[in-house]
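*Asks:* here's my sequence, what's the structure:
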Amino acid sequence: MSWRSTRAAWDAEQPNRQVAVIDLGSNSWRLVVFTYAPHSWWKRTDELYETVRIGAGLGATGRLADDAIQRGLETLGVFARFCAANEIGTDEVHAVATSAIRDADNGLEFVHAAEQATGLKIEVLPSAEEARFGYIAAVNTSTMTDGAVLEIGGGSMQLIEVADRRAQALTSFQLGAVRITEEFLPGGGPARKKDLSRVRDHVRETLAELPWLADSGGRLVGIGGAVRNLASAALHEHDEIDIGVQGFVITRKKLADLVSTLASLPPSERGSVPGIKPGRGDIILASALTIETVLEIGDFAGIEVTEASLRDGVFLARELLAEEDPLFDDVREAAVRNLAIQYESDLAHVAHVGELALEMFDSLVDGGHFKPKDGERELLWAAGMLHDVGMTISYDDHHKHSYYLIISAELPGFDPRERALIAQICRYHRKGTPKLGEISSLADHGDDELLERCAVILRLAEHLERGRDQSVSAAELRGNGDGVDLHLKAAGDLTLPRWSVERYGDGEIFERVFGRRLLIG
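*Replies:* Have a look, this model is predicted:
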């Protein structure tokens with residue numbers, strides 16, 4: 001078994017598989033390795049990256065340049081050698097080419113030469129199929145129901161209309177960052193105002209025949225390297241805690257600030273802006289201007305970022321969810337269960353802790369003891385499922401290990417604030433006075449009370465499942481005068497859970513948070 005086969009190989013009947021997806025974009029090329037068990041869990045376990053710029057000069061000549069072809073062949077040779085070294089067979093490699101190779105007069109000639117030189121089979125994606133993979137990636141890593149998906153690469157930009165989580169219009173436009181830069185943003189100095197206006201006008205004219213964009217539901221999800229780089233730059237520019245860009249929203253104001261910053265610099269210095277990769281620096285302004293204009297046309301408040309890309313769409317559609325309708329039923333649930341499996345959680349235990357926590361949460365709400373914030377119940381469930389992931393490192397201080405593993409995870413479907421709260425709830429599932437601490441900059445009003453409530457309830461649920469045997473089948477908290485009675489239903493001997501609650505249940509913090517004494521019924 002490969003070293004990449006994580007400790008999630010918990011089911012002998014579902015051995016881990018390994019595939020590679022190679023994305024031959026107009027600007028950058030990537031090889032990504034995914035390790036997974038079908039319909040169970042998945043993880044990106046390796047990646048190679050090279051700025052090939054295969055589309056350089058294509059707009060002017062209609063052909064792939066000789067030096068770009070040479071860079072491409074050399075890079076594919078490295079990719080093929082990597083796959084061979086890691087025993088990834090050619091039938092386990094999905095190599096897809098997009099706009100530049102698709103549009104070039106000599107694109108197929110290049111593909112045939114590359115296939116002969118490397119033994120890899122390269123699929124040139126039609127524009128609609130490229131857009132479809134982008135849609136699959138975005139909808140499976142966000143909670144979008146209605147809205148639009150944007151993917152911008154070096155050669156083209158895809159816009160997909162989404163209604164009830166299903167793709168409607170699949171459109172592609174020659175608005176890629178390399179094309180726009182070469183045509184409208186020439187020179188080596190700061191961008192001129194008239195050049196910025198020319199880009200915006202060109203994007204407006206190109207998208208004029210897209211009537212659905214202005215009525216697409218007010219939500220725009222973006223995928224791809226340019227979107228991720230801009231999100232990272234926005235985080236740095238506004239001095240926000242950086243726990244990754246998954247779910248982060250680049251507002252129109254933040255994007256306008258970035259455009260101003262990037263335009264004031266020569267192309268050679270734009271890659272030095274924190275968050276912008278050097279290999280993308282000279283073309284990032286074109287991406288920012290194009291996205292900014294899409295926000296204006298669609299009257300979007302911002303663009304929501306996902307870490308996913310076309311590569312993830314290919315993997316999900318052709319491997320993990322290989323079916324006609326490759327969509328997770330519930331993106332958040334899939335993400336949480338995936339992370340729990342990766343870190344070898346005792347699934348029966350954590351699922352039962354989550355269930356007991358929700359029962360106690362619901363009984364307190366029904367009894368009028370507090371009014372929950374929107375989404376609070378779901379955050380508590382996620383924390384219940386993930387509270388023990390830190391045990392993959394060590395039992396000692398595993399609550400702290402859980403915190404930084406969750407903070408570092410992507411958890412598709414959750415935004416940075418929600419992910420930080422889940423991590424902090426887990427951080428306090430054993431002991432200590434819950435406080436926001438370093439995540440304060442991400443928190444909303446009332447999140448300190450949310451954290452206290454959820455941490456105390458989760459702590460209580462963990463004590464009730466101390467034996468990891470589901471001996472407590474159900475739990476409720478019912479008001480009784482100045483106190484709250486804990487009522488349990490037994491599926492086994494309750495000696496251990498009662499002892500754990502009475503000995504370690506921390507009735508003092510319960511009373512402080514809920515204003516009532518905890519009574520063991």
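*Asks:* low-confidence stretches in this protein?
*Replies:* The model of the chain has pLDDT under 70 over residues 1-14, 239-240, 521.
*Asks:* residue ranges for the strands of it, please.
*Replies:* Along the chain, counting by DSSP state E, strands occupy 17-24, 29-37, 41-50, 93-97, 122-124, 147-152, 157-163, 166-173, 220-223, 249-251, 302-305, 472-480, 483-490, 517-520.
*Asks:* wait, which of these is closest to residue 361?
*Replies:* strand 472-480 (8.7 Å; C-beta to C-beta). All C-beta spots, glycine's among them, are computed from the backbone N, C-alpha and C.
*Asks:* that closest one vs strand 483-490, what angle?
*Replies:* Going by axes from the mean of the first three to the mean of the last three C-alpha atoms, to 10 degrees, strand 472-480 is angled at 160 degrees with respect to strand 483-490.
*Asks:* convert strand 472-480 to PDB, retaining C-alpha atoms only.
*Replies:* Taking only C-alpha atoms (Å, rounded to 0.1, in the frame of the first residue of the first chain), the coordinates of strand 472-480 have been written out as PDB:
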ATOM      1  CA  VAL A 472     -27.100   6.000  27.200                       C
ATOM      2  CA  SER A 473     -29.500   5.800  24.400                       C
ATOM      3  CA  ALA A 474     -31.100   9.200  24.800                       C
ATOM      4  CA  ALA A 475     -30.700  12.300  26.900                       C
ATOM      5  CA  GLU A 476     -32.800  15.400  27.700                       C
ATOM      6  CA  LEU A 477     -32.400  18.500  29.800                       C
ATOM      7  CA  ARG A 478     -35.700  19.600  31.400                       C
ATOM      8  CA  GLY A 479     -36.300  22.700  33.500                       C
ATOM      9  CA  ASN A 480     -37.200  22.000  37.200                       C
END
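*Asks:* check contacts around the residue lying closest to residue 368 once chain neighbours are set aside.
*Replies:* Leaving aside its sequence neighbours, residue 368 sits nearest to residue 479 (C-beta to C-beta, 6 or more residues apart in numbering; 7.9 Å). Each residue near residue 479 by C-beta atoms under 8 Å, 6 or more residues apart in numbering is listed here: 367-369, 485, 516.
*Asks:* now the strands of the chain in CSV, with distance to residue 428?
*Replies:* Formatted as CSV, the strands of the chain follow (distance: least, C-beta to C-beta, whole Å):
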stretch, distance to residue 428
strand 17-24, 37
strand 29-37, 32
strand 41-50, 27
strand 93-97, 43
strand 122-124, 49
strand 147-152, 35
strand 157-163, 37
strand 166-173, 40
strand 220-223, 32
strand 249-251, 27
strand 302-305, 29
strand 472-480, 19
strand 483-490, 20
strand 517-520, 17
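*Asks:* please report the distance of the residue nearest to residue 368 from residue 166.
*Replies:* Distance, residue 479 to residue 166, using C-beta to C-beta, to the nearest Å: 45 Å.
*Asks:* next one: residue 217
*Replies:* Residue 217 is 13 Å from residue 166, by C-beta to C-beta.
*Asks:* looking at the two, which has the bigger crowd around it?
*Replies:* Taking other C-beta atoms under 10 Å, residue 217 and residue 166 do not tie; residue 217 has more neighbours (16 against 13).
*Asks:* dump the residue contacts of residue 371.
*Replies:* So residue 371 contacts residue 365 (C-beta under 8 Å, 6+ apart).
*Asks:* over to it: give its phi and psi.
*Replies:* Taking degrees, to the nearest 10, you get phi -110, psi 120 for the backbone angles of residue 371.
*Asks:* what about the helices in the stretch 401-521 of the chain?
*Replies:* Under the criterion DSSP state H, counting those that start in this stretch, the stretch 401-521 of the chain carries helices at the ranges 416-427, 447-464, 495-504, 507-514.
*Asks:* could you chop this protein up by domain?
*Replies:* Here the domain parsing of the chain from automatic domain parsing is 17-125, 128-311, 333-520.
*Asks:* nearest to residue 320, out of the ones you listed?
*Replies:* Nearest of the domains of the chain (C-beta to C-beta): domain 17-125, 5.2 Å.
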